[in-house]
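Visitor: Predicted structure and sequence below. I'll ask about it afterward.
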Amino acid sequence: MHDHGMNEDFRKNFENPETFLRNILTKGEVIAELGCGTGFYCQFLKEFAAKLYCVDAFCPALEEAKKKAPSAIFLCEDASKTSIPSESVDVVLFANSFHDMKNKDLVVKEVKRILKKGGRVIIIDWDKRNTRIGPPSWIRMSEEEYIEYFKDFKLIDKFKPSEYQYGLVFIKND
């Protein structure tokens, strides 16, 4: 669990998913958040999702997430090997989590497996620079690094979730 020392009220002051998720998501989609942690995003995603998977390898974090989105499906699993059915998900979200995942190539392979054709990957992560909040800059990934990891996907949108972060939206081509 890497909340980087931020409580949710503080986090919502600068990173407010309600302000940008409505421009990216459509109601009634199947959404999987990989690396959901304590469920900061799950509580907002539940408003859009027909079915919501909240996945994290750190089981105690999921106990906290369950309080925020009780109707979600919680999976204490590594993002590189989930039990989510193949080609069943419309949207995969990585919110400040992919940079912490050990085998990123396997995670991308898993995303390809679970996403439907035309499904989207939404990345929200920290700018690769020193800021007063967030993880150390050496942990952070640049937009270019994401584009390389998701090279088999098409980048269709960029957005700015906060002054400290960037957002990318990829679509599954095949």
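Guide: Cool, the structure landed.
Visitor: For the protein, list the residue farthest from the centre, please.
Guide: Going by C-alpha atoms, centre = their mean, the residue of the chain most distant from its centre is Arg132, 22.2 Å out.
Visitor: who touches that one in this structure?
Guide: Counting by C-beta atoms under 8 Å, 6 or more residues apart in numbering, Arg132 touches no other residue. No exception for glycine: its C-beta is placed from N, CA and C like everyone else's.
Visitor: Against Phe14, how distant is it?
Guide: In this view, Arg132 and Phe14 are 10 Å apart by C-beta to C-beta, to the nearest Å.
Visitor: Where does the most centrally placed residue in the chain sit: helix, strand or coil?
Guide: Closest residue to the average C-alpha location of the chain: Phe94 at 1.8 Å, with C-alpha atoms, centre = their mean. Recorded secondary structure, Phe94: strand (DSSP: H, G, I helix; E, B strand; the rest coil).
Visitor: beta partners for the closest residue to it other than its chain neighbours?
Guide: Nearest non-adjacent residue to Phe94, counting by C-beta to C-beta, 6 or more residues apart in numbering: Ile123, 5.2 Å away. For Ile123, the beta-bridge partners under DSSP bridges are Phe94, Leu168.
Visitor: Is Ile123 in contact with Leu168, as I believe?
Guide: Yes - using C-beta atoms under 8 Å, Ile123 is in contact with Leu168, at 4.2 Å.
Visitor: Who has more neighbours out of the two?
Guide: Neighbour count, other C-beta atoms under 10 Å: between Ile123 and Leu168, Ile123 has more, with 26 against 20.
Visitor: Look up how far Ala61 lies from Phe40.
Guide: From Phe40 to Ala61 the distance is 10 Å (C-beta to C-beta).
Visitor: And Phe150, by the same measure?
Guide: When Phe150 is compared with Ala61 (using C-beta to C-beta), they lie 25 Å apart.
Visitor: Could you give the bridge partners of the residue lying closest to Asp90 once chain neighbours are set aside?
Guide: Sequence neighbours aside, Glu29 is the residue nearest to Asp90 in space, at 3.9 Å (criterion: C-beta to C-beta, 6+ apart). Note on Glu29: beta-bridge partners Ala49, judged by DSSP bridges.
Visitor: Now for Glu29, how many residues are close by?
Guide: A count of neighbours around Glu29, defined by other C-beta under 10 Å, yields 18.
Visitor: That one and Val92 touch, don't they?
Guide: No - at 10.8 Å, Glu29 does not count as touching Val92 under the criterion of C-beta under 8 Å.
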